[in-house]
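Asks: no FASTA, just this:
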């Protein structure tokens, strides 16, 4: 395995491992409990950044091309607002571009939960074994 793929896999594991569990709501108080658990990325949320990294290295946030610096600002905001990232990388079976590596690092640096997708419309999610689920 090439070094870049190994590093990408390592970063991916660290991103996926940031906070495992689920949110719990008290039915009587309608509040989030203080249980040290985090939400699953399958929950509906308004704080989602849909990130696409193209083979060319171009980065898109919610359909608009952005610079890495702009993406990092959005990730910091999402981190403070309990948001999450939906991530798609064009040609994911190939060696990741430097830009893809920097995006994954920025996700990990901000401790954001991430949903990986093999489709550019984010209509599926890829589990830790690489299996696509609708």
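Replies: Okay, I see it. Values in this document were obtained by computation on a predicted structure and should not be read as measured data. Residues are numbered from 1 along each chain as shown.

Asks: So, low pLDDT: which residues of this structure?
Replies: Scanning the chain for pLDDT under 70 picks out 1-46.

Asks: Tell me where it has helices.
Replies: 3-16, 68-80, 98-109 (DSSP state H).

Asks: Going by contacts, tell me the helices and strands next to the last one.
Replies: Think helix 98-109. helix 3-16, strand 48-53, helix 68-80, strand 84-89 (3 or more Cβ pairs under 8 Å, 6 or more residues apart in numbering; DSSP states H and E). Every C-beta, even on glycine, is put in place using the N, C-alpha and C of the backbone.

Asks: for residue 70, what are its contacts?
Replies: Counting by Cβ atoms under 8 Å, 6 or more residues apart in numbering, residue 70 makes contact with residue 61.

Asks: Next: residue 51.
Replies: By Cβ under 8 Å, 6+ apart, the residues touching residue 51 are 59-61, 71, 85-88, 103.

Asks: Just give the nearest non-adjacent residue to it, would you?
Replies: Spatial nearest neighbour of residue 51, excluding adjacent residues (Cβ to Cβ, 6 or more residues apart in numbering): residue 87 at 5.2 Å.

Asks: and that neighbour, bridged to which residues?
Replies: Bridge pairing for residue 87 (DSSP bridges) gives the partners residue 51, residue 116.

Asks: so it makes contact with residue 118?
Replies: No - Residue 87 is beyond contact range of residue 118, at 10.5 Å (criterion: Cβ atoms under 8 Å).

Asks: ok, the two, which is more surrounded?
Replies: More crowded of residue 87 and residue 118, by other Cβ atoms under 10 Å: residue 87, with 24 against 17.

Asks: how far away is residue 98 from residue 106?
Replies: Applying Cβ to Cβ, to the nearest Å, the value for residue 98 to residue 106 is 13 Å.

Asks: same question, residue 129
Replies: Distance from residue 129 to residue 106, by Cβ to Cβ: 25 Å.
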